[in-house]
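Asks: Generate coordinates for the sequence data below:
(2 chains)
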Amino acid sequence: EVKLVESGGGLLKPGGSLKLSCVASGFTFSNYWMHWVRQAPGKGLEWIGEIEYDGTETNYAPSIKDRFTISRDNAKNTLYLQMSSVRSEDTATYFCTTPGFAYWGQGTLVTVSS
Amino acid sequence: DVVMTQTPPSLSVAIGQSVSISCKSSQSLVYSDGKTYLHWLLQSSGRSPKRLIYQVSNLDSGVPDRFSGTGSQKDFTLKISRVEAKDLGVYYCAQTTHFPPTFGAGTKLELK
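Replies: Alright, predicted model coming up:
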């Protein structure tokens, strides 16, 4: 059974930093691109970035480019999202997901507020 | 970016009724390999999204055949026959043909 479990969310102030994790199981993690998608409270889904199998290529949405960094540790079956210089508009639930949005984690809530 | 336009934004339905949701893209979603990477997701209240249909018309494992997807190029439809209470929530179409992946704004299916 494919399982994705995010963690690391919380409350932080504008300009702060936070690192989210997503632990994967039930599939060969190192064979797949992985994605992060976020959802602001009461809003729709927004794709924010992806990372290639071995981490050599990453792509980001303009809204988070140069502030957030996606990485992975295939030995630990873990995907990361390093968030920096956060803004109030980054308040959202952050989901990790597989290609084609086939599988999703339960999400982790990040709240940016002074 | 490819804009995905879903209609209607909301639907009120009685149990047992059938409904359709439309999703139109601003560009053709046919990829260079000939496949169309248009998917349908359901987000039930308080839950993470779950994919129901991939590549226009293929049901994910465990999804009942009351769900069906049709369409081509830029025009797609999700049909739900004999709606059940567990079908309620927000439906999203999503495309992964073009970079970046994009989602429709969602269609909220509620009980009448």
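
Asks: list the contacts for the spatially closest residue to residue B:65 that is not a sequence neighbour?
Replies: Computed as C-beta to C-beta, 6 or more residues apart in numbering or on different chains, the closest residue to residue B:65 that is not its neighbour in sequence is residue B:59, at 6.8 Å. Glycine gets a C-beta too; all of them are placed from N, C-alpha and C. Neighbouring residues of residue B:59 by C-beta atoms under 8 Å, 6 or more residues apart in numbering or on different chains: B:52-53, B:65, B:67-68.

Asks: Turn those residues into CSV, including neighbour count and pLDDT.
Replies: Converted to CSV, the contacts of residue B:59 look like this (neighbours: other C-beta atoms under 10 Å in any protein chain shown; pLDDT from 0 to 100):
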residue, neighbour count, pLDDT
B:52, 23, 98
B:53, 22, 98
B:65, 7, 96
B:67, 18, 98
B:68, 16, 98
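
Asks: got the contact list for the closest residue to residue A:52 other than its chain neighbours?
Replies: Leaving aside its sequence neighbours, residue A:52 sits nearest to residue A:33 (C-beta to C-beta, 6+ apart; 5.7 Å). Neighbour list for residue A:33: A:50-53, A:99 [criterion: C-beta under 8 Å, 6+ apart].

Asks: A helix includes residue A:100, no?
Replies: Yes - applying DSSP: H, G, I helix; E, B strand; the rest coil, one finds residue A:100 inside a helix.

Asks: okay but it is in contact with residue B:58, surely?
Replies: No - look at residue A:100 against residue B:58 with C-beta atoms under 8 Å: they stay out of range, at 10.4 Å.

Asks: higher neighbour count, those two?
Replies: Set side by side, residue A:100 and residue B:58 show more neighbours around residue A:100, with 17 against 11, by other C-beta atoms under 10 Å in any protein chain shown.

Asks: List the residues that contact that one.
Replies: B:37, B:39, B:51, B:54, B:96.
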